[in-house]
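Engineer: fold the following, please.
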Amino acid sequence: MIFEQADKDHPVIAWWSGGVTSAVTCWLCIQWFGLENVRVVFIDTHNEDDDTYRFMRECERWYGCTVERISNADYA
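Structural biologist: Below you'll find the model as predicted:
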């Protein structure tokens, strides 16, 4: 079963995209798999509305972890 397969060496990647649906999905992943087994990741285009970053900070407080930002400097 998938719940038994997640661990620190094989984390669940939860994609945070800036909206309420992905925010809740990331929270559910943390609840199901445990904070230590989930990486919450945001693909930062550096072209987001300021409110997206505000919402991310709120979600980080809710989750109890930092949302990991990834991007490509060639497209920033």
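Engineer: residue 50 and residue 43: what is the separation?
Structural biologist: 18 Å (Cβ to Cβ, to the nearest Å). No exception for glycine: its C-beta is placed from N, CA and C like everyone else's.
Engineer: these two - which one has more neighbours?
Structural biologist: residue 43 (12 against 7; other Cβ atoms under 10 Å).
Engineer: OK, contacts around that one?
Structural biologist: Shown in contact with residue 43 (Cβ atoms under 8 Å, 6 or more residues apart in numbering): 15, 17, 70, 71.
Engineer: can you list these in TSV and add distance to residue 24 and pLDDT?
Structural biologist: TSV is the format used below for those (distance: Cβ to Cβ, whole Å; pLDDT from 0 to 100):
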residue	distance to residue 24	pLDDT
15	13	97
17	12	96
70	21	96
71	24	94
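Engineer: hmm, who's touching stretch 15-24?
Structural biologist: With Cβ under 8 Å, 6+ apart, stretch 15-24 has contacts from 14, 26, 40-43, 48, 52, 55-56, 59, 62, 67.
Engineer: can you do 10 Å?
Structural biologist: Residues outside stretch 15-24 that contact it (Cβ atoms under 10 Å, 6 or more residues apart in numbering): 14, 25-27, 29, 39-45, 48-49, 51-53, 55-56, 58-60, 62-63, 67-69.
Engineer: any of those residues buried? List them.
Structural biologist: 14, 25-27, 29, 40-42, 44, 52, 55-56, 59, 63, 67 (16 or more other Cβ atoms under 10 Å).
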